[in-house]
Structure formats: C-alpha cells, structure tokens
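> I need the structure of the sequence given here:
(2 chains)
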Amino acid sequence: MSSYSIIDPTLQRIVIGTVLIGLSASLVGVFSFLRKKSLIGDAISHAILPGIAVAYLFIETKNPVVLLIGAVIAGWLATIVMGGLQRTTKLKEDSIIAIVLSAFFALGLVLLSWIQGHSNGSQSGLSDFLFGKVAALTNQDVYLFTLVGAALLLIIGIKKRLFYYIAFDRDYMTTRGFSVRWNESIVSTCSIFAIAIGIQAVGVVLMSALLIIPVASARMLTYRLGTLMLLTGIFGVVSALGGSYLSTLSANMPTGPWIIMVLAGIALLSFFIGKLRSKTNHQKAKLG
Amino acid sequence: MNYALILITALLVVIPASILGVFLMQRKMVMVGDAISHAVLPGIVIAYLISGQRDSYLLLIGAALAGVFTTLLIDFLHQRMRIQQDAAIGTTFTFLFALGVLLISFFAGNNVDLDQECVLYGDLETSFLDQRIWNGYLIGTGALFKLVPLLIAVLTTLFVAYRPLQIWAFNPEFGKQMGLKINRWQLLVMSLVSLHAVLSFDSVGAIMVVGMLIIPPATASLMTNKLKQLILFSILMGCFASILGFFAAIYVNVSIAPMIVLTASVLFGFTWLWYYLKNKVGKKQLLSD
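Residues are numbered from 1 along each chain as shown, chains lettered A, B, ... in the order given. Predicted coordinates for the structure are as follows:
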C-alpha cells in the first residue's frame, strides 16, 4: 500500500472523489445547520438506502448514474413525507425525523436481506454503502461526482447570500417577496444530491456526520458567512482525505468511521482554539 | 416452538420500547434515544473484548455507562462548546457509533460473534439457539433472561411512578414548582432507554431500536391524546406490528427485526391516512355548520 505514487491512477481517482465528496457535503451542511435542522440530513441519508437497493434490484448493475437516481428519488420521497407529516399532523419535528429515518431504513434493510437471500453472487458490493468504501470508487463514479459536485458548488456560490438570509429570517424574506419555499426546496435538493454522492465514502449510517461536524467546528471559530464556508470546506476536505488515508492503512477497513474520527479531532481542536481566542480577546478588551 | 420463542423475544423488545417511546416523544427527546441506541455500541464492544463473551454483567455495565456518557456528552457539547442541540446530538452519536464500528473491524478477525451485520440486523433468527435447560425442562433462552427483567423494571417504574412521569412528560415547569426533582425522573427514563438499547442489541441491532421506540407511540398519538390510552394503544400497536411483521418475514424469508419496523411503519401510514381523512371530514362539517 505504501508504494503509491502521485501519478498512480487509482490513488488519483480516490483523491479526487473524496475531495469532491468532502467539499460538497460539508458546504451543503452549512445551511441546514444554520436553520437548526441538521438532523434532517440524518433522516435523508438513512432514507437513501432503499433507493439504492431498489435501483440495484431492478437494474442489477452498480452503474453510478442509476444508483444516484434511485438514491435521489428515495431522498425526495423522504423529504416529501416529512413535509406532509409536518403539515397534516401535530407530531413534533424530532418524532417526524425518527419515523421517516427508521421506516425508510427498515425498508432498505428488508430489501437488502431479500437481495442477499435471493440473488446469486456479486451483490456483496452493496454493503459498502452502509459504512463506506472509497477504494470501491470507479472512474465512472468520479466523472459523475465531478459533474454533481460542480453543479452543487455553482448553485451554492450563486445563491449563498439568499440561503443565508432565509436561514436566519424567513419571515422577513417572505415579506420581501422571495419565494422561501422554492429556495428551501433547492437547498434540500442540494443536500439530497450531496448525501447521495457522499455515501460512497462515508456510508448511509454515518453520512450525517460529514454534514454536521465540519460546520459545527467552523462555527466555533467564526461568525462570518464567508469565513464559515471557507473553513467548513477545508474541514470537509481534510477529514475526507485523512479518513480515506487512515482506512487504507489496514486491510478491510470501512472508510466512514475513520473520516468521523478525523472530524472529531478537528472539532476538539477548533474548540480549544476558539476558547483560547475568546480568552485573549477578553484580555484585550480589558486592557483597551 | 422455535417460532414461538422468537416471537416472544420480539414482543419483549417491542413492549418496553413502546412504553418508553411515549415519554421520549412527549419530551421531544426521540433523537436523544436514537443517539443512545447508537452509542451503546462502543460500550458493548469494549465490554465484549474485556470479558470475551456476550452475556456478562460487565457488558451491561459498560453499555449502560456508554448510554449515560452519551447524554452527558450531548449536554457538554450543547452547553460548554455552544453547539446547538441538533448538531450536538448528530456529532455525539456519529462519533460513538464510528468508534464502535472501528473497534469491531479491528477485532473482527478474532471472533465471529460480533460483526458489522449484527449491528444492523440483530440476531432475532438465532435467538432461540441459546436455550437454558433446567432439570430437563426448557425454561427460556438467553435473550428472554435479559428481556423479562427489563420488562418488569419498565412496568414497575410505570406503575409506581406514573404521576411524576406524567408531570415530567407534559409540564415539567409545573412539576418543578411542586418541588418534583424533574431531572431525576428524566435520568431514570434515559437510563431505562439505554438499558433497553443494550439488552435488545443482540436481538434487533443498534439502528432498528429507534423505529420500535417511536413508530408505535407516534401511531397511538394520531388516535388519542390521553396518556393512559396513548401507552395502551402504543403497546397494542407494537405487539400487532411484531406479530404481523414476524409472519411476513418468515413468509418472504427476510430479516425479522427490520420487517417488524417496516410493518409498524405501514400501520402508521394507514393510521395517518385515517387521521387525515377524519380531520378533512371534520373540517368540512364545521364549515357547513
């Protein structure tokens, strides 16, 4: 494993793939974090499992485009069900998230165990989606990720101010005449896509960490949106790369848990830096 | 006979979950319950590595500590590190769960008892193999010996402490003014939740627990809003879903625990439809009057 060189195509592929995943997932996470609805990402990432299982069941290939379509449809369905429950019942938000999460995930597991019981042979790759495996990335995957990642970054780049205002003051933006619902559905679509490409590396079970922890760490260091997004992106990329590297050190390791270990380290570090800085700022204020 | 043992095990997992879930739902702490059920994994793995077996009291202690540690960590992140509640929950459980998965994959070569699959599905299918024979009579299985005391503990708590739990669930401020130690009742319920997560881990895994905690109570909450009926309906819903899901799983030959949760979700879906239509008709009548 140590004989990787810079021009090794496998390594290049893995590096590009993980950078794209880390960047898009962490940046999309910023807006759901600011709206204090981070756990919706958890529900969506669990809900994607049946989508992948169905796509795999019917097409019987691991063609990334088909899997992405399946994942995105499942994610959308989950979002629609959550919205419906919110509008028509008095259930609280955390209950709704837990219901959708467990219902979709149970469906996914039932389908998965059905596939394992009925089809023959090469379905083993499907369980890589549970805890992630960057080594399983193919060239096709990376092309697709580049496309989706670039589109996501473009949308975020163009509309970040608007998303930011909506996250902080919905009512004001409604009175200003912006279509809040339309923009919120763009945000949730972006998160669905980011999650759908991210599960290759992190897995459905732990995907929400890549949406939540980078922005939570960055938030301890800054209040400004631009800096926040920059730091979040850096944290996302560093953790995705670091975690993938650590997971290759021993054979048969899932990538997702390692990425989260790196993220936890970053969070701890930002906490101490933040504490240190606020202490020195207090002292400066006292002196001045 | 084997089927009966499996079904009884499933019921014993679902009934305490349905009761505890009602309180979690009222206090908006369902995701904390989810976090606990994920976070007992490293506790279970570490206790298993130390003791070398799956049924030990060390396991109980290790995992219960992990459960309490989760709530403390969430509070620490929320209050000290100033991370908002939802992100604190997300950070805590993903970190602890990742730790557990890593520990499993480090030591997966040494044993076959504990692997990534059983974390997800649980081993309800093989729970009847661990039979306890006394004087030649079958008196239960390993899973039953763990789950029956849990059920007794939950039911005892419910009957003895119904009033304080009710006040805690619906109006903690009022309880505080009456001099009730609200935090202690909350700790009691949370420790029951983490005990439940630990004891049912073998049977249903770490992730399906949250479905059993929330879906039956949520279904019941669409039918009534009185606490006693809520608990009763929740238990009935859970039992009905377990029985139906169990036979469905046997029939199509899939994993049982996810099938039970899926059945419960389908029942929830029907109840939701009924609730929606009832409200629509009710509104129309109101308008026409």
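
> list the contacts for the residue lying closest to residue A:277 once chain neighbours are set aside?
For residue A:277, ignoring the flanking residues on the chain, the nearest one in space by Cβ to Cβ, 6 or more residues apart in numbering or on different chains is residue A:221 at 7.6 Å. Any C-beta I mention is one placed from the backbone N, CA and C, and that applies to glycine too. Residue A:221 sits next to A:227, A:231, A:270, A:273-274, A:277 when contact means Cβ atoms under 8 Å, 6 or more residues apart in numbering or on different chains.

> let's go with 10 Å and repeat that
Taking Cβ atoms under 10 Å, 6 or more residues apart in numbering or on different chains as the definition of contact, the neighbours of residue A:221 are A:227-228, A:231, A:235, A:269-271, A:273-274, A:277.

> Give me the buried entries from the residues you listed.
Buried residues within the contacts of residue A:221, counting neighbours by 16 or more other Cβ atoms under 10 Å in any protein chain shown: A:228, A:231, A:235, A:270-271, A:274.

> Which element, helix or strand, includes the residue in chain B positioned nearest to chain A?
When you check chain B against chain A by Cβ to the nearest Cβ, the closest residue turns out to be residue B:211, at 3.0 Å. Element membership of residue B:211 [criterion: DSSP states H and E] is helix B:208-223.

> What is the distance between the helix or strand following that helix and the centre of its chain?
The helix or strand immediately downstream of helix B:208-223 is helix B:227-252, counting by DSSP H and E. Chain-centre distance of helix B:227-252: 14 Å, with Cα atoms, centre = their mean, to the nearest Å.

> now do stretch A:19-39
Going by Cα atoms, centre = their mean, the spacing between the C-alpha centre of stretch A:19-39 and its chain's C-alpha centre is 6 Å.

> Stretch B:250-260 now?
Distance, centroid of stretch B:250-260 to centroid of chain: 19 Å (Cα atoms, centre = their mean).

> what residues does the stretch 51-200 of chain B put near chain A?
Within the stretch 51-200 of chain B, the positions near chain A by Cβ under 10 Å from any Cβ of the partner chain are B:77, B:80-106, B:108-109, B:116-117, B:119-121.

> thinking again about what came up before, tell me what the helix holding residue B:211 is packed against?
Using 3 or more Cβ pairs under 10 Å, 6 or more residues apart in numbering or on different chains; DSSP states H and E as the contact definition, the elements that helix B:208-223 packs against are helix A:93-118, helix B:2-26, helix B:30-51, helix B:182-199, helix B:201-204, helix B:227-252, helix B:256-288.

> 8 Å instead?
For helix B:208-223, the contact count by 3 or more Cβ pairs under 8 Å, 6 or more residues apart in numbering or on different chains; DSSP states H and E identifies helix A:93-118, helix B:2-26, helix B:30-51, helix B:182-199, helix B:227-252, helix B:256-288 as packing neighbours.

> hmm, back to that, can you put the buried ones among the contacts of residue A:221 in CSV and add secondary structure, pLDDT and distance to chain B?
As requested, the buried ones among the contacts of residue A:221 are arranged in CSV below (DSSP: H, G, I helix; E, B strand; the rest coil; pLDDT from 0 to 100; distance: Cβ to the nearest Cβ, whole Å):
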residue, secondary structure, pLDDT, distance to chain B
A:228, helix, 92, 13
A:231, helix, 95, 15
A:235, helix, 95, 13
A:270, helix, 92, 9
A:271, helix, 90, 5
A:274, helix, 88, 8
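
> Looking at these, point me to the pair that's furthest apart.
With distance counted by Cβ to Cβ, no two of these lie farther apart than A:228 and A:271, which are 15.8 Å apart.

> From the structure, what's the count of residues near residue 224?
You didn't say which chain, so I picked chain A. Here the number of neighbours of residue A:224 (other Cβ atoms under 10 Å in any protein chain shown) works out to 9.

> Hmm, no, I was thinking of chain B.
Here the number of neighbours of residue B:224 (other Cβ under 10 Å) works out to 13.

> looking at it, it is touching residue B:236, isn't it?
No - look at residue B:224 against residue B:236 with Cβ atoms under 8 Å: they stay out of range, at 11.6 Å.

> and the helix or strand bottoming out on mean pLDDT in chain A, does that touch chain B?
When the helices and strands of chain A are scored by mean pLDDT, DSSP states H and E, helix A:128-131 comes last with a mean of 78. Yes - for a cut-off given as Cβ under 8 Å from any Cβ of the partner chain, helix A:128-131 has contacts with chain B, namely A:130-131.

> How about the contacts made by the closest residue to chain B within chain A?
Nearest to chain B, among the residues of chain A, is residue A:102, at 3.0 Å (Cβ to the nearest Cβ). Residues in contact with residue A:102, defined by Cβ under 8 Å, 6+ apart, are A:46, B:207-208, B:210-211, B:214-215, B:261, B:265.

> Just name the closest of those to residue A:253, please.
Top of the list for closeness to residue A:253, among these and by Cβ to Cβ, is residue B:207 at 20.4 Å.

> Roughly how far does the closest one sit from residue A:193?
Here the distance between residue B:207 and residue A:193 works out to 24 Å (Cβ to Cβ, to the nearest Å).

> what about the two, which has more around it?
Shown here are residue B:207 and residue A:193; by other Cβ under 10 Å, residue B:207 has more neighbours (28 against 22).

> For burial, what's the neighbour tally of the residue nearest to residue A:131 when sequence neighbours are not counted?
What sits nearest to residue A:131 in space, not counting adjacent residues and going by Cβ to Cβ, 6+ apart, is residue A:254, at 3.5 Å. Neighbouring residues of residue A:254 were enumerated by other Cβ under 10 Å; the total is 27.

> do residue B:167 as well
Residues lying near residue B:167 (other Cβ under 10 Å) number 18.

> need the contact list for it.
Taking Cβ under 8 Å, 6+ apart as the definition, contacts of residue B:167 comprise B:174-175, B:178, B:180.

> Would you write a PyMOL line that selects the buried entries of these?
To isolate the buried ones among these in PyMOL, judged by 16+ other Cβ under 10 Å, type:
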select buried, chain B and resi 175+180
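
> Could you dump the helices and strands packed on helix B:208-223 into a markdown table and include mean pLDDT?
Formatted as a markdown table, the helices and strands packed on helix B:208-223 follow (pLDDT from 0 to 100):
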| stretch | mean pLDDT |
| --- | --- |
| helix A:93-118 | 89 |
| helix B:2-26 | 91 |
| helix B:30-51 | 85 |
| helix B:182-199 | 86 |
| helix B:227-252 | 94 |
| helix B:256-288 | 89 |
